[in-house]
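Student: Structure for this input, please:
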Amino acid sequence: MTGFKKILCFVLALLLLSSLFVFAETGGTITKSTTPDSTENAEQKNINYQQYFDANSNIEVFDGTLSLGKENIANEHTDFADISDDKGLPLVKEGSEITFKVNVEKTALYPISMQYYSYESTGADIEISLLVNSKIPFTEAERIFLPKLWQYDLAEDVERFEKDNRGNEQLPLQKEVQALCTEGLRDKEGYFDEAFLLKLEAGENLITIKSLKESFAVKSVILNADKKAPSYEEYLKSISDKKVPEASPIIIEAEKPFLRSTARIYPSFDRSSPDISPSDPAKIKLNIVGGSSTWKDCGDWVSYKVKVEKAGLYNISFKYCQNSKRGLTSIRKITVDDKVLFDELNEVEFGYSLNWKTDTLKDENGAPYKFYLTEGEHIIKLEAKLGEYARTLRVIESAVGELNEIYRKIVMVTGISPDPYRDYLLDDEIDGLVDSLKSAHKTLVDELEIIENRAGSSGTEAAFFYDLIRQLDSFIEDTHNITSEASRLDRFKQNISGLAELLLRLKEQPLMLDYIQVLPDGSKANTFKANIIEKLVYRFQSFVFSFFEDYTSIGNAYDEKNQSPLKIWVSVNDMMTTGISSGRDQAELLKRIIDEDLTNKTGLKVNLSLVNTSDTLLQAIVGGNYPDVALFVPKGMPINLAMRGALTDISQFEEYEEIKERFHPSAMIANIYNGGVYGVPETQGYNMLFYRKDIFEEQGLVPPSTWEEFYDVVSKLQKKNMQVGIPENQSIFEMLLLQNGGNIYNEALSEVTLTTKEAVKAFSIWTDLYKQYELPLAFDFFNRFRTGEMPMGIISFTMYNQLSVAAPEIRNLWEMVPVPGVETENGINRAQSCTGSSAIIPKASKRQKEAIQFIDWWTSASIQTRFGNEIETILGTSARYNTANMEAFDALKWSQSEMKNLTDARESISDIYQTPASYYITRNLTNAFRKVVYYYYNNREVLNKYASDMNNELKRKRQEFGLE
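Tutor: Alright, predicted model coming up:
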């Protein structure tokens with residue numbers, strides 16, 4: 001027996017040693033993927049345009065012109081349209097593609113542009129992919145954005161904007177202009193000023209343009225190089241015989257451009273000084289264009305129509321303010337009649353200034369530029385661009401990607417909380433670590449010097465650079481310094497995230513314009529500068545009027561006694577679709593739509609007011625100060641009010657049957673109480689699985705469809721010390737409960753059913769995610785996802801908004817798909833609960849008929865579509881609206897693939913009914929979760945105890961509100 005024990009111990013020792021070797025190979029060292037052809041595919045897919053250009057820099061650039069039209073179409077194409085004077089143009093509808101065949105005489109680099117019309121537009125920018133001979137040539141070609149033309153819907157001879165009935169100017173309607181656009185195909189970030197250069201081999205080549213979003217008609221694809229503009233000195237010689245005209249200065253108010261490249265550029269107001277034209281101490285005058293939130297992205301432009309009565313030499317002057325980029329300039333490219341008259345206009349700098357200033361375009365010696373303008377109309381266009389910063393910011397973005405990769409490789413060896421007393425031998429474990437650190441260090445030092453030279457001083461940005469550079473110095477000196485203190489690795493991550501955020505700020509080119517002056521050469525620009533007395537009087541008037549003007553009401557306001565308007569309240573915080581967008585901006589758009597559509601068509605007058613939070617609404621209704629309709633009321637609040645008899649049962653109205661068909665059945669559940677319906681859905685949200693495509697490809701993984709697959713992916717990622725994020729809130733338990741056939745309540749909602757085997761199983765799975773699989777309980781998904789530290793997570797689909805806008809360094813490297821589910825004989829059950837907001841009608845309102853009329857109008861597909869599209873058009877992707885109206889949701893600016901994933905997920909959505917004890921259920925589920933995860937209590941025992949408490953409270957509440 002003793003011999004058997006010795007043999008058994010020997011075998012166990014061998015097994016233990018083998019397991020350690022396996023762990024060392026898979027978990028402690030960075031190795032290359034062994035997936036067949038993965039390296040070749042990754043290199044082809046991940047090459048960027050700079051690398052593509054460098055690899056082909058020895059090839060000459062084509063200097064001729066080739067135009068490809070419908071006669072060059074290589075694939076079968078059946079969709080054509082007549083637009084304006086152009087007949088039979090090929091249409092490229094969303095999700096389709098068109099291929100052109102071109103024969104070239106020699107191998108060269110060919111600049112590519114396109115002439116196109118927008119078609120059947122939703123208002124979003126056109127997004128395309130560009131392929132050469134059926135391959136994406138570089139990563140930037142995967143998503144190229146093409147602008148559209150926009151105007152305010154105003155008559156050209158109208159001098160000012162329309163006013164509401166309180167005398168405040170209102171934002172004008174936007175309209176898209178279907179006109180021929182000619183655009184070079186270039187990167188969205190503005191890192192490259194010229195159109196992409198495509199390497200075409202001598203002979204036949206195929207150029208494919210695929211629509212990712214929006215439809216358009218192609219007139220031609222053009223292969224030609226832009227002609228280089230002359231220097232100012234050369235231009236001046238060409239107009240040396242021109243005279244100065246006897247003409248009056250021409251003043252153009254900047255808030256009323258002729259055309260814009262995006263509807264996100266819109267007029268704003270500045271009431272800070274009488275210097276601004278026009279100004280008013282009491283009323284809102286839309287008197288400027290631009291600012292820190294609009295007209296700041298590269299490629300965005302505005303144009304102005306100038307009518308010149310006498311030909312001759314003119315100067316051009318701008319009254320502007322650029323107070324957003326301390327110590328730095330904002331840059332504009334200026335063209336006249338779509339031409340850069342001389343090279344210096346390619347990069348005109350508007351310096352930092354706290355106050356408004358008037359400057360005339362001038363040369364380096366301070367002499368005003370002379371422009372020869374013929375008699376008639378001219379178009380002056382200003383386009384935001386990066387200028388000389390483009391190369392610097394491009395290199396910094398590359399450094400961010402490199403540093404993120406370094407951080408991820410370090411974490412794969414050490415984990416996110418390394419032991420400071422252990423030497424991980426990182427320079428041995430990670431191939432080329434020191435070289436990569438040195439490369440990043442050199443990049444930051446070099447680019448910091450360029451930024452400081454251009455800024456003329458060391459600002460806050462420089463201080464941030466120095467901190468990261470010092471850290472890299474320490475790491476290069478000894479890689480053990482990376483983990484020698486517990487906080488160093490985390491500080492490294494924070495510095496990388498900070499650098500990425502700084503990059504976003506540096507890319508922005510904010511500028512505010514008050515007006516433009518075109519004046520005869522040598523004339524003095526009018527500065528409209530108020531004296532100290534005028535400023536004091538203006539400020540005193542503003543102070544006095546602040547006591548009489550109602551700035552909480554939006555748009556037209558009507559007298560409550562004489563005009564009987566419908567009172568609508570909106571909670572600013574609950575209305576905001578994201579933390580980036582302004583709830584007031586959304587409320588102003590809503591009021592404008594109300595006035596233009598509902599009031600004009602039906603005569604129903606509406607007063608729209610903002611309240612700070614939904615808690616204010618609750619206190620007001622209970623206290624007898626109530627609106628006729630409240631909008632964007634969060635989940636739970638309608639039932640909280642309904643059980644106190646404060647709300648009207650929506651189902652009693654004849655419009656209800658039609659209204660409820662607009663929504664997925666799950667959206668209605670949270671508003672149903674005791675047989676009545678006490679709210680109409682406005683928004684609906686649910687979870688999606690987000691994952692990093694690049695990391696999954698690198699690790700040979702695919703996004704999981706079932707929980708078994710999910711656990712497998714978690715295990716493989718954790719072996720590389722990467723994390724997976726699932727928030728530990730109640731919605732995750734509800735998802736697992738519904739997928740396993742359970743529910744929180746019985747059908748009568750009189751008892752909780754959390755002691756069933758389905759509930760215990762779901763609760764065990766929920767807690768095991770954090771106990772057994774050690775998922776983090778708290779995390780910053782956005783930052784961890786962008787660094788790659790957390791390449792997979794289950795989170796609300798509204799995270800898409802933030803990732804799309806604030807994480808450009810991982811564009812095209814992530815995707816969202818439906819959450820995992822439980823495999824059944826009928827397929828995969830992906831059920832989950834949902835969030836949302838609703839419109840409600842207080843029972844005490846005497847305008848019940850008008851209130852349901854308003855809600856019927858507001859939740860209709862056409863109005864929800866208009867609101868969603870217009871708010872995104874104005875504020876950008878960060879404000880994408882998660883409407884509950886299914887038809888409207890399908891009409892928003894999602895790509896086809898994104899829409900398919902979202903609608904697939906929506907088909908599985910359910911929800912949990914609200915009860916008088918919902919608050920208590922939430923509290924006790926949280927307590928039960930903590931008992932098990934934090935203190936290792938038994939799942940079943942804890943759930944049984946708290947289920948009993950929940951039932952007691954539910955019974956007490958049902959008795960209190962007369963339900964039994």
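
Student: Make sure residue 286 is actually in contact with residue 171.
Tutor: Yes. Look at residue 286 against residue 171 with CB atoms under 8 Å: they come within range, at 7.1 Å. (Each C-beta comes from the backbone N, C-alpha and C, glycine too.)

Student: list the residues that contact both of the two?
Tutor: Overlap between the neighbourhoods of residue 286 and residue 171 consists of 161, 267, taking contacts as CB atoms under 8 Å, 6 or more residues apart in numbering.

Student: More neighbours: the two, which one.
Tutor: residue 286 (22 against 18; other CB atoms under 10 Å).

Student: Look up the closest residue to that one, ignoring the ones flanking it.
Tutor: Leaving aside its chain neighbours, residue 286 sits nearest to residue 267 (3.9 Å; criterion: CB to CB, 6 or more residues apart in numbering).

Student: Report the separation between that neighbour and residue 299.
Tutor: Remark: distance between residue 267 and residue 299 (CB to CB, to the nearest Å) = 20 Å.

Student: now do residue 829
Tutor: Look at residue 829 and residue 299: by CB to CB, they are 45 Å apart.

Student: higher neighbour count, the two?
Tutor: Set side by side, residue 829 and residue 299 show unequal neighbour counts under other CB under 10 Å, the larger going to residue 299 at 21 against 16.

Student: for that one, what are its contacts?
Tutor: For residue 299, the contacting residues are 145, 147, 186, 188, 190, 261, 383, 384, 385, by CB under 8 Å, 6+ apart.

Student: Which secondary structure element is home to residue 304?
Tutor: Residue 304 is part of strand 301-308 when elements are defined by DSSP states H and E.

Student: Ignore what I typed, I meant residue 317.
Tutor: With DSSP H and E as the criterion, the answer for residue 317 is strand 312-321.

Student: Same check on residue 275?
Tutor: Using DSSP H and E, no element contains residue 275; it sits outside every helix and strand.

Student: OK, contacts around the residue nearest to it when sequence neighbours are not counted?
Tutor: On the basis of CB to CB, 6+ apart, the spatially nearest residue to residue 275 that is not a chain neighbour turns out to be residue 530, at 5.3 Å. Shown in contact with residue 530 (CB under 8 Å, 6+ apart): 273, 274, 275, 538.

Student: Let me know how buried the second one is, in neighbour terms.
Tutor: Neighbouring residues of residue 274 were enumerated by other CB under 10 Å; the total is 21.

Student: Pretty sure it sits against residue 533.
Tutor: No. Residue 274 is beyond contact range of residue 533, at 10.6 Å (criterion: CB under 8 Å).

Student: so residue 523, which of the three states?
Tutor: Per DSSP: H, G, I helix; E, B strand; the rest coil, the local secondary structure of residue 523 is coil.

Student: can you give me the helices in the stretch 1-150 of the chain?
Tutor: Counting by DSSP state H, counting those that start in this stretch, residue ranges of the helices within the stretch 1-150 of the chain are 2-27, 38-46, 49-55.

Student: which other residues reach the last one?
Tutor: Applying CB under 8 Å, 6+ apart, the set of residues contacting helix 49-55 from outside is 47, 137-141, 187, 192, 196-197, 199, 394, 398.

Student: swap the cut-off to 10 Å and go again
Tutor: Contacts to helix 49-55, defined as CB atoms under 10 Å, 6 or more residues apart in numbering, come from residues 43, 47-48, 59, 109, 137-141, 186-187, 191-192, 196-199, 391, 394-395, 398.

Student: Select only the buried ones of those in PyMOL?
Tutor: Once 16 or more other CB atoms under 10 Å is used to decide burial, the buried members of the contacts of helix 49-55 can be selected in PyMOL as follows:
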select buried, resi 47+48+109+137+138+139+140+141+186+187+191+192+196+197+198+199+394+395+398
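
Student: shouldn't residue 404 be in contact with residue 786?
Tutor: Yes. The pair residue 404 and residue 786 qualifies as a contact (CB atoms under 10 Å) at a distance of 7.4 Å.

Student: Look at the two and report which has more neighbours.
Tutor: Higher neighbour count among residue 404 and residue 786: residue 786, with 25 against 21, using other CB under 10 Å.

Student: wait, what's in contact with the more buried one?
Tutor: Each residue near residue 786 by CB under 10 Å, 6+ apart is listed here: 400, 404, 496-497, 500, 692, 780, 802-803, 806-810, 813-814.

Student: From the residues you listed, keep the buried residues only.
Tutor: 400, 404, 496-497, 500, 692, 802-803, 806-810, 813-814.

Student: So which of these is the closest to residue 241?
Tutor: Compare each of the buried ones among the contacts of residue 786 with residue 241 using CB to CB and the shortest gap goes to residue 808, at 48.9 Å.

Student: ok, the closest one touching residue 394?
Tutor: No. Taking contacts as CB under 10 Å, residue 808 lies outside contact range of residue 394: 11.4 Å.

Student: Give me the phi and psi for residue 377.
Tutor: Here the main-chain torsion angles of residue 377 (degrees, to the nearest 10) amount to phi -90, psi 140.

Student: let me fix that: residue 206
Tutor: Given degrees, to the nearest 10, the pair of backbone angles that residue 206 has is phi -120, psi 130.

Student: Quickly list what it is bridged to.
Tutor: residue 101 (DSSP bridges).

Student: isn't it right next to residue 130, touching?
Tutor: No. Contact between residue 206 and residue 130 fails when scored by CB under 10 Å: they sit 11.5 Å apart.

Student: Could you look up the SS state of residue 558?
Tutor: Assigned state for residue 558: coil (three-state reduction, three-state DSSP).

Student: Distance check, it against residue 59.
Tutor: Here residue 558 is placed at a distance of 69 Å from residue 59 (CB to CB).

Student: quick one on the thing from earlier: can you pull the residues that touch both of residue 808 and residue 394?
Tutor: 189, 503, 507.
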